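> sequence and predicted structure, then a few things I'm wondering about:
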Amino acid sequence: MNSFDHPRRYVTDRLTVRPGLLLLLGSTVLAACSVLKPVNLLNALVPSSGYTLASDIAYGLDERQKMDIYFPTKPAPESRVIVFVYGGAWREGNRSEYKFVGQALADAGHVVLIPDYRLYPSVIFPEFLRDIADAIAALKLSFAQRSGDSIDQVVLMGHSSGAHTVAMLASDPRWLDSSGITPAALIAIAGPYDLPLDDPEVEPVFRSVSGFDEARPVALVTSEHPPALLVHGDKDKRVKPFHTRHYAAALTAARVPVKVHWLKETRHAASISGLAAPLDSSSENRDRITGFLEGL
């Protein structure tokens with residue numbers, strides 16, 4: 001398996017801005033954007049409408065244990081609560097870099113939680129899974145305080161190593177038992193589900209694993225697994241498409257409803273950055289995901 005990546009470094013794989021959009025930006029804005037990192041440029045072009053943001057909510061004592069919640073201005077008739085876990089090889093990433101994900105899904109009428117979590121080398125597996133489980137438990141409290149409503153289900157969503165994390169949570173419900181929340185569905189984008197523990201990038205992060213299958217979602221699937229949408233770019237050279245094929249086969253064998261969507265001519269980072277409103281590639285992936293949510 002090749003090294004992981006996320007939009008901070010590789011959004012330029014396929015950052016194609018819609019014609020005419022740049023004409024709407026003044027020269028001052030364009031000059032400022034020219035010195036930004038690609039993901040910051042992307043987020044600068046994303047609308048700040050369609051949601052209200054509750055930010056910097058602590059779910060633990062560590063500085064990395066904070067989360068943002070995007071509340072839709074106009075909730076969908078069947079609004080879902082989505083937990084999005086970003087990638088970065090379990091080594092890097094920040095929730096602020098994924099405004100474009102929160103905006104896209106909240107604008108479609110859904111509540112979106114984006115947590116930070118502790119990273120290697122500060123922690124190893126399974127501590128980042130525990131962090132996401134703790135963030136989900138804190139989400140339940142924050143949601144009740146804000147709306148007066150209770151939630152008992154979430155949709156788990158992730159990209160790259162974050163997709164591996166949410167696939168682990170979906171495959172082993174014990175992680176969420178203490179929160180009283182169950183996964184209603186899984187949306188997993190370009191994740192390493194058939195994790196090679198002997199890979200030099202993977203081995204130090206998962207050195208606590210005692211059995212080969214302990215951290216491989218493909219080996220943990222049961223009939224209790226929630227319905228899944230698996231998305232992968234057919235030109236992904238960082239997390240190879242066979243991971244999605246193997247995971248889909250395991251889900252099918254367990255009689256779990258699964259849909260697989262291949263993004264044509266799409267590399268690893270573009271499979272998530274394509275959710276952003278300014279990109280020409282956005283509609284295919286965003287529409288497939290929102291359609292899946294509507295069908296739950």
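That came through, no problem. Numbering: from 1, shown residues only.
> what's P115 sitting at in phi/psi?
Torsion angles at P115 (phi, psi; degrees, to the nearest 10) stand at phi -100, psi 150.
> so who does it touch?
With contact taken as CB atoms under 8 Å, 6 or more residues apart in numbering, P115 is in contact with 59, 65-68, 83, 85, 95, 131-132, 135. For every residue, glycine as well, the C-beta is placed using N, CA and C.
> again, but for A104
A104 makes contacts with 46, 275-277, 282, 286, as judged by CB under 8 Å, 6+ apart.
> do I have it right that S161 meets E92?
No: with contact defined as CB atoms under 8 Å, S161 does not reach E92; the gap is 9.9 Å.
> of these two, who's got more company?
S161 (29 against 17; other CB atoms under 10 Å).
> list the contacts of the more buried one.
Contact criterion CB under 8 Å, 6+ apart gives 4, 87-90, 191-192 as the residues in contact with S161.
> any idea how far L129 is from it?
Separation of S161 from L129 (CB to CB, to the nearest Å): 11 Å.
> next structured bit after the helix or strand hosting I272?
Take DSSP states H and E as the rule and I272 turns out to sit in helix 270-273. Beyond helix 270-273 on the C-terminal side, the first helix or strand identified by DSSP H and E is helix 282-294.
> what comes into contact with that next one?
Looking at what lies outside helix 282-294 - CB under 8 Å, 6+ apart - the contacts are 76, 78, 80, 82, 104-105, 108, 110, 155, 157, 185, 187, 229, 231, 259, 261, 263, 271, 274-276.
> over to stretch 233-249?
Residues outside stretch 233-249 that contact it (CB under 8 Å, 6+ apart) are 1-5, 160, 167, 188, 190-194, 217-218, 221, 228, 230-232, 258, 260, 262-268, 270-271.
> narrow those residues to those in strands?
With strands taken from DSSP state E, the overlap with these comprises 188, 228, 230-232, 258, 260, 262-263.
> what subset of those residues is buried?
By neighbour count, with 16 or more other CB atoms under 10 Å, the ones in strands among the contacts of stretch 233-249 hold 188, 228, 230-232, 258, 260, 263 as buried.
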